[in-house]
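In: how does the following fold in three dimensions:
(one chain, ligands or ions: 1)
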Amino acid sequence: MKPLFKGKHFITLEDWKRDEIDTLLKVSKELKTKFYNNEETDYLKNKTSFLMFFEQSTRTRNSMEAGIAQLGGHANFLDTSTMQISHGESAKDTAVILSSYGHGIACRNCFWEIGNKFLNDMAKHSTVPIMNLQCDLYHPMQGLADLMTIQEYHPDTSHLKVSIIWAYATSHKKPISVPLTQILLFPRYGMDVTLAYPEGYDLPDWAIAQAKQHAKDHNGSFRITHNMEEAYTDADIVIPKNWGSWVNNQSNEVVDDLLESYKSWKCTEEMMALAKPTVHYMHALPADRGNEVEDSVIDGPHSIVYPEAENRLHTAKAVMVMTMGDK
Ligand code: CP
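Out: Sure, this is the predicted structure:
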């Protein structure tokens, strides 16, 4: 399999054209079929990727580690608290050194107004592709897996009614990168996207403007509502998920009066009943069960969270195969 995007950084899908994303999806499907058929896929034989994590992860770390092993390569997992970064070593020096040891550098850094800058600083100095495993602004690996999952259930995404809905959670102050990636990506596939959130949980103005532009360019639509019920009504797909009030309030505090005033923003069976009977429930996971969503919904017949999570493996492999080639 030829690395068609050899060396291309994967920091945001905004840097990837529609046909390039389509190629990643096609390769993801091929790799999924080969995985099910237990076929050899050693396209990255003897290649090394470095996985730098500033934060915890289940899906992202394991889809990348298992993924490169299945591709014949090897991942070095790097907890950044044990790297010299924690003593202040720069993104530049880290990227130059790791590039000289391997074939790809992947990093999760979600610190507000730091993470994306850190990835771009590495990209400036790396001779191998930089892969974003989630930053303060983007989660392109999740976006790609979400799109693959949506297409599996709805091969024609034109005017598919997709609602991205804020939900109450107390587990931690979550990044805005999942909903931000989704509002930028889904309108490029002609979907009718609704973003619903209570006052105070805005996404950046530039992202909203870009989502509207993508909708215009690709015959989709994009709208914002502060009415939760309206977002569920007649939806084909609902994605209720918490995100922090980073744009309006940069405090790291998880629970505050604003959050507590929106406890009712939960995905319940009552809300799901407003959507189309065929509606699908999606969530990037981990879900804050009982707060974001009722167990009966996430474990119920409309939920496709496990196929969505599984697709993280196939899409991660596609990104690695297509960007990490022979040096
Ligand atoms: N969805 C996602 O990125 O999961 P992890 O935080 O477990 O990697």
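
In: low-scoring stretches of the chain, by residue?
Out: 326-327 (pLDDT under 70).

In: how is it divided into domains?
Out: 13-139+312-324, 140-308 (automatic domain parsing).

In: so which bits of this protein are right by the ligand?
Out: Counting by C-beta under 6 Å from any ligand atom, the chain comes close to the ligand at 57-60, 134, 142, 284-285. From N, CA and C alone the C-beta is placed, and that goes for glycine too.

In: which of these fall within helices?
Out: Secondary structure from DSSP state H places 59-60, 142 of the residues of the chain next to the ligand in helices.

In: quick one: which of those residues has the most company?
Out: Among those, Q142 has the most neighbours (other C-beta atoms under 10 Å), with 25 neighbours.

In: for that one, what are its contacts?
Out: By C-beta atoms under 8 Å, 6 or more residues apart in numbering, Q142 lies in contact with 60, 134, 177-178, 181, 284, 312.

In: go on, G73?
Out: 44-49, 103, 320, 324.

In: could you rerun that using 7 Å?
Out: 44-49 (C-beta atoms under 7 Å, 6 or more residues apart in numbering).

In: coming back round to it: can I get the residues of the chain next to the ligand in JSON lines including distance to K161?
Out: Listed next are the residues of the chain next to the ligand as JSON lines, based on distance: C-beta to C-beta, whole Å:
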{"residue": "S57", "distance to K161": "31"}
{"residue": "T58", "distance to K161": "30"}
{"residue": "R59", "distance to K161": "26"}
{"residue": "T60", "distance to K161": "28"}
{"residue": "Q134", "distance to K161": "27"}
{"residue": "Q142", "distance to K161": "21"}
{"residue": "A284", "distance to K161": "20"}
{"residue": "L285", "distance to K161": "23"}
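
In: what helix or strand is the closest residue to A207 other than its chain neighbours located in?
Out: Of all residues not flanking A207 in the chain, L180 sits nearest, at 5.2 Å (C-beta to C-beta, 6 or more residues apart in numbering). Following DSSP states H and E, one finds L180 within helix 177-185.

In: closest point of the stretch 101-250 of the chain to the ligand, which residue?
Out: The ligand sits closest to Q142 of the stretch 101-250 of the chain, with a gap of 5.2 Å, by C-beta to the nearest ligand atom.

In: how near is that residue to A123?
Out: 19 Å (C-beta to C-beta, to the nearest Å).

In: so T194 lies in a strand, does it not?
Out: Yes: the assignment for T194 is a strand, going by DSSP: H, G, I helix; E, B strand; the rest coil.

In: please name the bridge partners of it.
Out: S163, R223 (DSSP bridges).

In: ok, it - contacts?
Out: Residues near T194 by C-beta under 7 Å, 6+ apart: 163, 223, 225, 231.

In: run the chain-centre distance for stretch 75-84.
Out: Distance of stretch 75-84 from the chain centroid (C-alpha atoms, centre = their mean, to the nearest Å) equals 22 Å.

In: who touches it?
Out: Everything outside stretch 75-84 that qualifies as a contact, by C-beta under 7 Å, 6+ apart, is 48-54, 61, 64-65, 68, 86.

In: quick check: end-to-end length of it?
Out: 19 Å (C-alpha to C-alpha, to the nearest Å).

In: buried sites along that stretch?
Out: 75, 78, 80 (16 or more other C-beta atoms under 10 Å).

In: I am finished for the moment; much appreciated.
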